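Undergrad: Please find the sequence and the predicted model below.
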Amino acid sequence: AADHYSSSTKLYSWHYVCGYPVSIFFIVVNEFCERFSYYGMRAVLVLYFRYFLRFDDDLATSIYHTFVALCYLTPILGAVVADSWLGKFKTIIYLSIVYAIGQVVMAVSAIHDITDTDRDGTPDNLTLHIVLSMVGLLLIALGTGGIKPCVAAFGGDQFQDHQAKQRSTFFSVFYLCINGGSLLSTIITPILRGQECGIHSQQKCYPLAFGVPAALMVVALVVFIIGSGMYHKTEPQGNIMLDVCKCIGFAIKNRFRHRSSSYPKRMHWMDWAEEKYEKLLIAQIKMVLKVLFLYIPLPMFWTLFDQKGSRWTLQATTMDGNFGSLILQPDQMQTVNPILILTLVPIMDSVVYPLIKKCGLNFTPLRRMTVGMFLAAMAFVAAALVQIQIDVSVYNTSTLCGSLGWHKEYAAKSLKCVCRYFCLHYKTHKHRFPKHLFLLISRATFTITNGANTCEYSREFGFGSSYTLLIPSHFAWGPTCSESISGVEDIQPNSFHMGWQIPQYFLITCGEVVFSVTGLEFSYSQAPSNMKAVLQAGWLFTVAIGNFIVLIVAEIAQIEEQWAEFVLFASLLVAVCVIFSIMAYFYTYMDPAEIEAQFRDKGGKEESDKEELQMQKKDVVDHHNEDDEAKQTKM
């Protein structure tokens, strides 16, 4: 016994450091690497669609938001698999492998040399690259979404009941790692993308921008596996979400079955499930449905919020990113968001909210969320004002690129128009150049070839400017061929600075802090003890729906002016904000623990009454039996 106690003590001391399980350090490092991998890949994704796969702005935006929506739909699948089948540990392992494979496939899809047979710097088979990237994104969405509901909960499982303080500290560090990984990745991966790499020709290095996040995901998986022997692993206990769905389904079916007016009405439609399910479970589902009903307007906030990585990034491509000696990449503007989050959250909690309370204002969670939605709408008004100034200073480059006056006979598949830096309009003469004319745009040097001869023309181009290059009819091959090519500056270089996007980022981040953080807190406080995961899944589902709304607007509305689209989104959110404020006004805050206690006490009393009634029946039966025996004795 002494030896057993000694070994147990050694095991305990080895598995804990300063009162914290050693296992959580592996989980924290895993989360940091995984978030770096996800946000790093996502930071450059829309530019990859736009400039490597050559999607137009609307298609690039649509695919981007489809991917984000899938990332917030798959957590439901991950939760079901973890709770009902594999458990959290195995779910994280298996889906992390899928995740890492997806990141590797994305990195491979961005290597232009694998199909660049003519070595002109552009892929000759874009279909292969598109298929690879779509497969990679599907695997990533399944992986990142599937492990999302598992990692934080698995970390919480490592603590014992008496370690509530340590568990709270863990969650604070956990979410710090999320923002830290997001911040670093959105700084680093755009820098990596801005480098030039390639085997046969140097192009923007998307393989490196995707490859580093892939490597970080592999590191996250390896670190998590190393800690395997130290984890406390709970077996799957069944999924409450499935029970909720079954109970709701039975209530609907039973209500439809008894729709005749001959059946008495019930106070709530969920009461039709009483024939099969406990009243406590029904009461808990009622509380959840009450909150989920309040979630209906919320997707509109995410519709605007997640356009930071799509429309706003594309907007930055038409702006001047020159910060003195530092040239800021358009996708690096997204770093403003995590920086502001890390700054604003403590300021709001320790300064703004206490000050509002001292002023005697009742700033309830739902009122905070209403303010957050309004701030997001104002952010898009600011974005519209910025877009108007961009349109004034530089012609809409996307429209210009889409209207190039190329004769079909001379439109070569290798032609690229890099709108991020400049747009070019070429005029050629049909009688002078053969059918297989190729123009290769690389940096600011253009190669004109007819197969046997080549001519290089170089020129400095301003940021966001537009030029017309004139190739005259007396063009002659030779060492001085470029001298006969002239350029006319149609649009002056864009001088409208990326720094003007900071106000819209500030407003959207303020909105996020008072909306998202408060919404998570509200969802947790209003959820029954065993259904907090259900409401979290509902919260994530609103994010997915919000991204699908972007698809609808981008593909159906077809608004030519970008500023007008921003105003449309802002107007829609203001309208939804009004609706939400009315719903919030009539919402009654609940204490789920108190309601559950009432039903448990009521249930206990009902059981006691049943037992007492059974005892009374037994006494009556025994009394009758005694009378019968007495009568028989007398007889």
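TA: Great, that's in hand.
Undergrad: for the closest residue to residue 23 other than its chain neighbours, what are its contacts?
TA: Nearest non-adjacent residue to residue 23, counting by Cβ to Cβ, 6 or more residues apart in numbering: residue 230, 4.2 Å away. Using the backbone N, CA and C atoms, a C-beta is placed for each residue, glycine as well. For residue 230, the contacting residues are 15, 21, 22, 23, 26, by Cβ atoms under 8 Å, 6 or more residues apart in numbering.
Undergrad: how near is residue 230 to residue 94?
TA: 20 Å (Cβ to Cβ, to the nearest Å).
Undergrad: for this structure, which spans come out with low pLDDT?
TA: Along the chain, segments meeting pLDDT under 70 span 1-16, 237, 324-325, 393-446, 450-451, 460-469, 473, 487, 489-494, 602-635.
Undergrad: Which parts of it belong to which domain?
TA: As given by the TED database, the domain ranges for the chain are 15-238, 240-277, 592-626.
Undergrad: Would you mind finding the most buried of the ones you listed?
TA: domain 15-238 (a mean of 20; mean count of other Cβ atoms under 10 Å).
Undergrad: Pull the distance from it to the chain's centre.
TA: Domain 15-238 sits 11 Å away from the centroid of its parent chain (Cα atoms, centre = their mean, to the nearest Å).
Undergrad: what does stretch 349-364 give?
TA: With Cα atoms, centre = their mean, you get 30 Å for stretch 349-364.
Undergrad: Can you give me the end-to-end span of it?
TA: The straight-line separation of the ends of stretch 349-364 (Cα to Cα, to the nearest Å) is 14 Å.
Undergrad: Pull the residues that contact that stretch.
TA: 584, 589.
Undergrad: What residues sit buried inside it?
TA: Buried residues in stretch 349-364, defined by neighbour count with 16 or more other Cβ atoms under 10 Å: none.
Undergrad: that older thread, could you dump the domains of the chain to JSON lines with distance to residue 476?
TA: Listed next are the domains of the chain as JSON lines, based on distance: least, Cβ to Cβ, whole Å:
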{"stretch": "domain 15-238", "distance to residue 476": "23"}
{"stretch": "domain 240-277", "distance to residue 476": "74"}
{"stretch": "domain 592-626", "distance to residue 476": "84"}
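Undergrad: what about the ones you listed, which gets the closest to residue 375?
TA: domain 15-238 (19.3 Å; Cβ to Cβ).
Undergrad: wait, which of the domains of the chain is closest to residue 309?
TA: domain 15-238 (6.0 Å).
Undergrad: Who are the contact partners of the closest residue in space to residue 550 that isn't next to it in sequence?
TA: Leaving aside its sequence neighbours, residue 550 sits nearest to residue 65 (Cβ to Cβ, 6+ apart; 4.3 Å). Residues in contact with residue 65 (Cβ under 8 Å, 6+ apart) are 306, 310, 547, 548, 550, 551, 554.
Undergrad: now that we have these, which one has the most neighbours?
TA: residue 547 (26 neighbours; other Cβ atoms under 10 Å).
Undergrad: Which residue ranges of the stretch 351-500 of the chain form strands?
TA: 422-427, 438-442, 445-449, 454-458, 465-470, 486-491 (DSSP state E, counting those that start in this stretch).
Undergrad: Residue 377 is in contact with residue 568, isn't it?
TA: No: if you go by Cβ atoms under 8 Å, residue 377 and residue 568 don't touch, sitting 11.1 Å apart.
Undergrad: Neighbour count: these two, which is higher?
TA: residue 377 (25 against 15).
Undergrad: Quick check: which of the domains of the chain is nearest to residue 347?
TA: Set against residue 347 and scored by Cβ to Cβ, the domains of the chain come closest in domain 15-238, at 14.7 Å.
Undergrad: in the stretch 101-250 of the chain, which spans are strands?
TA: 196-197, 203-204.
Undergrad: would you turn the ones you listed into a markdown table with distance to residue 211?
TA: Putting those into a markdown table (distance: least, Cβ to Cβ, whole Å) gives the following:
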| stretch | distance to residue 211 |
| --- | --- |
| strand 196-197 | 10 |
| strand 203-204 | 13 |
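Undergrad: Ok, which of the ones you listed comes nearest residue 217?
TA: strand 196-197 (20.5 Å).
Undergrad: Ignoring the adjacent residues along the chain, who's closest to the residue nearest the centre of the chain?
TA: Nearest residue to the geometric centre of the chain (Cα atoms, centre = their mean): residue 68, 4.7 Å. In this structure, residue 68 finds its nearest non-sequential neighbour in residue 547, 4.7 Å apart by Cβ to Cβ, 6+ apart.
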